[in-house]
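Peer 1: I'd like to go over a predicted model; first the sequence, then the structure.
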Amino acid sequence: MPVRYNHRWDKHDHIRLSARSLDRDRSLYFDMLPWTPPITNMEGVVAYYDPERIGLARKRLKGTDRKRYLRDIVDRILKGAPNDKERVARICGFVSDAIYYNPIQQPVEPKTGELIDDPAVLLELHDGRCGQGVMITLALLKAAGIECRQRDVFHHVTCEAKYGGKWRLADAFMFGAAQPEKDGEVVNVAILRRDPYFADAFPLRHFAYTPEELLSVDGYRLLGYTFGDWGSLAYYSWYMGGDEDYPPMMPIVLPPLRLRNGRVRLRWAPSAKRNGGTIAYRLRVYKDRERTLPIFSKDTRATEYEWTPPEMNRMYFVGVTATDEHVKRNRNTWYPEAGGNFVLVPEKQYGWYGVF
């Protein structure tokens, strides 16, 4: 019986597995010479990927027709797609959902250390980096009969698909199904090189990691060659020839403090910015969990703000966004929002509900 891709695979479960797979015998520092210093005064084995997982994926795929495997995927995900733009978007969205851009472990050949370049194996492993994401994207585009090509840019590799008579960006890992558009048309590398800061307005959601993904089994942060919580990956414009600039790290929303007269002090930890620079914050309070219905907004350079909740015993959802001077290059620069929530209850009511 031919092996087919498991479309019921759950990315959230996979990330949790990856986050908690580094046991106490593994180092908390990942050394990737020659770009990072050697491990000093620390014990533990440095390992980038579990060779047993690779062996199991290859065993499962043994004898599988790779073309049929990829064709089965595109037949399913492209069903009912009205045009090539939607077909490419679906393929990019599939790749971004199917592959975890693992900042800790990259699938490599156990004996040689070379990158694994079999798209089917990578899809079974569900882990990879930009070059491997391009391998998968190109393989699926070709299986769908869409002309495509790899594009090497500064410190990054991406690809383009040709439809509507033009080459268009298909950077699945960076943008998923929503590739940067100008005047309703998806742009390409040439356009972005002429106007590199244009793409900074489009979300790079796959690089806004949560702390959970960078913890060891016993709760320590991993150091070394990891991307961290946003901020340690440059703006997309850098890959297209723009100045090297890094966004501020995501702030951490702290529990509010109870004040007099039904007021609270909303608080968050300060963000850091690689190479320094001015950081400001956009504070918003929402009445819905999806954070789409703001009831209060404030721009500030402080890390706290006193606010009066309109009602007691109601849950409010807090969003804090760290911004920087990159808005001078593109006023629509996208920044991820950190979230928190609280309920202000009468002081003598049992429980604290997120307010000290």
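Peer 2: Sure thing, it's come through.
Peer 1: and I136, how many residues sit next to it?
Peer 2: Look at I136: counted by other C-beta atoms under 10 Å, it has 24 neighbours. (C-beta placed from N, C-alpha, C; glycine too.)
Peer 1: what do you get for the one 10 residues further on?
Peer 2: As a burial measure, I146 scores 19 neighbours (other C-beta under 10 Å).
Peer 1: that one contacts N83, correct?
Peer 2: No - contact criterion C-beta atoms under 8 Å: I146 and N83 do not qualify, at 11.3 Å.
Peer 1: joint contacts of those two?
Peer 2: Shared contacts of I146 and N83 (C-beta atoms under 8 Å, 6 or more residues apart in numbering): Y163.
Peer 1: and the nearest residue to L293 once chain neighbours are set aside, how far from L259?
Peer 2: Leaving aside its chain neighbours, L293 sits nearest to K287 (5.1 Å; criterion: C-beta to C-beta, 6 or more residues apart in numbering). Noted for K287: a distance of 21 Å to L259, by C-beta to C-beta, to the nearest Å.
Peer 1: partner strands of the strand or helix carrying K162, with direction?
Peer 2: Element membership for K162 (DSSP states H and E) is strand 156-163. Partner strands for strand 156-163, per DSSP bridges, with pairing direction: strand 148-153 (antiparallel), strand 166-169 (antiparallel).
Peer 1: measure the residue nearest the centre of the chain to P196 for me?
Peer 2: The chain has H206 as the residue nearest its centroid, 1.6 Å off, counting by C-alpha atoms, centre = their mean. H206 sits 20 Å away from P196, taking C-beta to C-beta as the criterion.
Peer 1: next: L17.
Peer 2: Remark: distance between L17 and P196 (C-beta to C-beta) = 37 Å.
Peer 1: repeat for F94
Peer 2: From F94 across to P196, the span is 27 Å (C-beta to C-beta).
Peer 1: which ones are touching the closest residue to Y286 other than its chain neighbours?
Peer 2: Leaving aside its chain neighbours, Y286 sits nearest to F317 (4.4 Å; criterion: C-beta to C-beta, 6+ apart). Shown in contact with F317 (C-beta under 8 Å, 6+ apart): V285, Y286, K287, D288, R289, R291, G339, G340, N341.
Peer 1: narrow the residues you listed to those in strands?
Peer 2: Using DSSP state E, V285, Y286, G339, G340, N341 are the members of those that sit in strands.
Peer 1: for PyMOL, what selects the buried ones among the residues you listed?
Peer 2: To isolate the buried members of these in PyMOL, using 16 or more other C-beta atoms under 10 Å:
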select buried, resi 285+286+340+341
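Peer 1: flag every buried residue along the host helix or strand of R76.
Peer 2: Assessed by DSSP H and E, R76 sits inside helix 66-77. For helix 66-77, the neighbour count (16+ other C-beta under 10 Å) marks Y69, L70, D72, I73, V74, I77 as buried.
Peer 1: stretch 210-221 too?
Peer 2: Buried residues in stretch 210-221, counting neighbours by 16+ other C-beta under 10 Å, are found at E213, L214, L215, S216.
Peer 1: which residues sit against stretch 232-244?
Peer 2: Under the criterion C-beta under 8 Å, 6+ apart, residues 153-156, 158, 174, 189, 192-193, 196-200, 202, 204, 207, 226-227, 245-247, 249, 274, 326, 329-330, 333 lie in contact with stretch 232-244.
Peer 1: got a ChimeraX select line for the buried ones in the residues you listed?
Peer 2: The following ChimeraX line selects those of those that are buried, judged by 16+ other C-beta under 10 Å:
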select :153,156,158,174,189,192,196,197,198,199,200,202,204,207,226,227,245,246,247,249,274,326,329,330,333
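Peer 1: just the contacts of stretch 232-244: which are in strands?
Peer 2: Assigned to strands by DSSP E, the following of the contacts of stretch 232-244 qualify: V153, H156, T158.
Peer 1: now do the buried residues in stretch 159-167.
Peer 2: The neighbour-count check on stretch 159-167 (16+ other C-beta under 10 Å) flags C159, E160, A161, K162, Y163, W167 as buried.
Peer 1: for the fifth one, which residues count as its bridge partners?
Peer 2: This points to Y163. Residues in beta-bridge contact with Y163 (DSSP bridges): K166.
Peer 1: list the contacts for it?
Peer 2: Y163 makes contact with N83, D84, K85, R87, V88, I146, E147, according to C-beta under 8 Å, 6+ apart.
Peer 1: now a PyMOL select for only the buried ones of the residues you listed.
Peer 2: Listed next is the PyMOL selection for buried residues among those, using 16+ other C-beta under 10 Å:
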select buried, resi 84+85+87+88+146
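Peer 1: what would the contacts of Y163 look like in CSV with pLDDT and secondary structure?
Peer 2: What follows is the contacts of Y163, written out as CSV (pLDDT from 0 to 100; DSSP: H, G, I helix; E, B strand; the rest coil):
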residue, pLDDT, secondary structure
N83, 97, coil
D84, 97, helix
K85, 97, helix
R87, 98, helix
V88, 98, helix
I146, 98, coil
E147, 98, coil
